[in-house]
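Trainee: Just a sequence and a predicted model for now, questions to come.
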Amino acid sequence: MSHQNGISGGRHGAHGVNVSLEERAYRIRRLALRMGEVQGQGYIAQALGVADVLAVAYFHAMTYRPKDPEWEGRDRFLLSIGHYAIALYSALIEAEILPEDELETYGGDDSRLPMSGMAAYTPGMEITGGSLGHGLGIAIGFCLGLKAKKNPAFVYNLCSDGELDEGSTWEAALSAGSHKLDNLIAIVDVNQMQADGPSTAISNFEPLGPKFEAFGWYVERVDGNDIPALVAAFDRARNLKEARPRVIICDTKMAKGVPFLEARERNHFLRVEAEEWAEALDILDKARAVALQQGEA
Amino acid sequence: MSRLSKYTPRKVQLGPNGERLKTSAMIASIAGVDQRTAPAPFGHALVELAKSRPEIVGMTADLSKYTDLFVFAKAYPERFYQMGMAEGVLMSAAAGMAREGFTPFVTTYAVFAARRAYDFICMAIAEENLDVKICCALPGLTTGYGPSHQATEDIAIFRGLPNMTIIDPCDALEIEQATHAIAAYKGPVYMRLLRGNVPLVLDEYGYTFELGKAKVVRDGRDVLVISSGLMTMRALEAAKALSADNVDVAVLHVPTIKPLDTETILREAGKGGRLVVVAENHTVVGGLGEAVAGTLLRAGVAPKFRQIGLPDEFLDAGALPTLHDRYGISTGAVIRQIKGWL
Ligand SMILES: Cc1ncc(C[n+]2csc(CCOP(=O)(O)OP(=O)(O)O)c2C)c(N)n1
């Protein structure tokens, strides 16, 4: 079982065939909020912000077998940003790689879902992230290895705008360009937030697209909360015939979909009051119902 | 151990009172529930120092908030440098500032200084013996986030570095005093930081920090615990508990790991008749335990000797109290181990 090419999120599975990508993104946000509630706090804003990107990656772009996460033919998805684990677990649950009832264990002692993503703990978690700036370099090795094995799978690496501060990211960017890694698709989540404040105020990485271009990359820059735009960008990145690594720079909004969390100024690590979780879920549910009424797929 | 060693599905783990156990938040305090604390002692001490020391500057790699340097950044915005999440550049730039006559206090997490930035610290700072103070949060096992944030071997790494002074303070009082002391000393220093609401313990014992000095914080006939950092706090708690069982425990606090106060250590360990236990919030490989062992062996002092410290493993993620117990550095685990050795 693998993804079908095309614009719908229609992949077979217990969650239904022909489920729209909007529905996938909504479910990913819901799962993330439910996991956040287990701990009462965490990297919720990142998960809400990147949910649309993950929906398109897992339910439109990528090839994998939910029941066989180590399948040799799978596209590799590397989560360089270990702290975004809550977001990836949500996508992995929605993709039925992880069982939904396990979200109750999130961040608990001996859980398979630790707060920072680690390869040894979780099916579908390809690498141990968390020490930021590792993913892109590791992705290069995956790409070189796949090429040496004549395996046509893609390697996706999700990194954050904060990781653009790290020298290792740019060493890898230069190396990927030099090796003409056309099986590499880097995704950069530009959510304009880091630990100490807004990303470009911490270290100004703009103009970002031209930097990657100068390093020999094919560059897409899209609104990372616009699903049709993401689908088009992923399609162009995958179908490009040039021998270049590809980067999809996604401008996303922290806490997207829950306005009262979007409004929090410092939302790198969110504390959410007990009663606010239900409120946040309710906001998502109502917005989804409205979208469905208005005839969206 | 296989790469996928932890793959079996899990159930929710509940604590002794049926409560859900949570990973302690990154910014969580290590203080016990009813422990006295002081807020951001490092940040406040640095602000105080900066009044009379215009050459002091603060630099960080996107972690001012999580290392208490934000207190300094607020008070002296023009003397604060945000270097971005780039630990290599942080250290190199600190070296350059030091060459121009400034005294940078640089902060990040202990893992990122020790692991990512090591070469930059080694060649740019230590080899030139520059006046840079590297002050790092999350030392040893002080977060439940797993190996990416658990600096279990930071002391081992920096002990091998010539010129580097290493400080592992115990509490808020000592962090404050040590910040002043390392500023008065000229040369590179690595200091482990506790941040946020930091326990206040040593004031009860009339303690004062002196760079390079180990101090007997509590005397006792049966056991000599030699400890640094938060393990001194644990040792003192264990000593109180053990005295109820008529076990008399002395605690020798060794906040300066390098250069080591071998004179005091030899004097105390050489008194005879006491079990000597080194307790550290660090792997048993290459830290205070092995430093003390080498000191004793070289001097021909041979008491019964045991180590309390973290195992030579990548540690689990989870709630900090669970992990401290699992890996033998909680107060309860210290008591159990000492009793077992008597
Ligand atoms: C090498 C490294 N340095 C520092 C950190 C501490 N840290 C964790 S998240 C973070 C912010 C990084 O920026 P970004 O991922 O863009 O933040 P977010 O979008 O999640 O707010 C920092 C500095 C880390 N995990 N790894």
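Mentor: That came in fine, so what should we check first?

Trainee: from what I can see, A:Ile249 looks like it's in a strand, true?
Mentor: Yes: assessed by DSSP: H, G, I helix; E, B strand; the rest coil, A:Ile249 belongs to a strand.

Trainee: list the contacts for it?
Mentor: A:188, A:190, A:208-209, A:212, A:219-222 (C-beta atoms under 8 Å, 6 or more residues apart in numbering or on different chains). The C-beta positions use only the backbone N, C-alpha and C, and glycine is treated the same way.

Trainee: Try it again at 6 Å.
Mentor: A:188, A:208, A:221 (C-beta atoms under 6 Å, 6 or more residues apart in numbering or on different chains).

Trainee: Next, the first one: secondary structure please.
Mentor: Classification of A:Val188 using three-state DSSP returns strand.

Trainee: Which residue lies closest in space to it, excluding its sequence neighbours?
Mentor: Nearest non-adjacent residue to A:Val188, counting by C-beta to C-beta, 6 or more residues apart in numbering or on different chains: A:Ile249, 4.8 Å away.

Trainee: same thing with the second one?
Mentor: Counting by C-beta to C-beta, 6+ apart, the nearest residue to A:Leu208 once its immediate chain neighbours are dropped is A:Ile249, at 5.8 Å.

Trainee: beta partners of that neighbour?
Mentor: Legend: beta-bridge partners of A:Ile249 under DSSP bridges are A:Val188, A:Arg221.

Trainee: Nearest spatial neighbour of the closest residue to the ligand within the stretch 151-297 of chain A, chain-adjacent residues omitted?
Mentor: Minimum separation of the stretch 151-297 of chain A from the ligand (C-beta to the nearest ligand atom) falls at A:Gly162, amounting to 1.9 Å. Leaving aside its chain neighbours, A:Gly162 sits nearest to A:Gln194 (4.4 Å; criterion: C-beta to C-beta, 6+ apart).

Trainee: Now for the one you found, how many residues are close by?
Mentor: By other C-beta atoms under 10 Å in any protein chain shown, 26 other residues sit near A:Gln194.

Trainee: what's the spacing between the residue nearest in space to the middle of chain A and B:Val278?
Mentor: Compute the mean C-alpha point of chain A, and by C-alpha atoms, centre = their mean the closest residue is A:Leu54, 4.2 Å away. From A:Leu54 across to B:Val278, the span is 47 Å (C-beta to C-beta, to the nearest Å).

Trainee: What of A:Gly145?
Mentor: 44 Å.

Trainee: Does residue 93 lie in a helix or a strand, and which?
Mentor: Since you didn't name a chain, this refers to chain A. Per DSSP states H and E, A:Ile93 falls inside helix A:85-94.

Trainee: meant chain B actually
Mentor: Using DSSP H and E, B:Ala93 sits in helix B:87-99.

Trainee: so what strands line up beside whichever helix or strand comes after that helix?
Mentor: The helix or strand immediately downstream of helix B:87-99 is strand B:103-109, counting by DSSP H and E. Paired strands of strand B:103-109, with direction, are strand B:56-60 (parallel), strand B:133-137 (parallel) (DSSP bridges).

Trainee: Highest mean neighbour count out of these?
Mentor: With neighbours taken as mean count of other C-beta atoms under 10 Å in any protein chain shown, these reach their highest mean count in strand B:133-137, at a mean of 27.

Trainee: Toward the C-terminus, what is the element adjacent to that one?
Mentor: By DSSP H and E, the next helix or strand past strand B:133-137 is helix B:154-159.

Trainee: got the phi/psi numbers for whichever residue of chain B sits closest to the ligand?
Mentor: Using C-beta to the nearest ligand atom, B:Asp62 is the residue of chain B that sits closest to the ligand, at 3.8 Å. Backbone geometry at B:Asp62, expressed as degrees, to the nearest 10, gives phi 60, psi 30.
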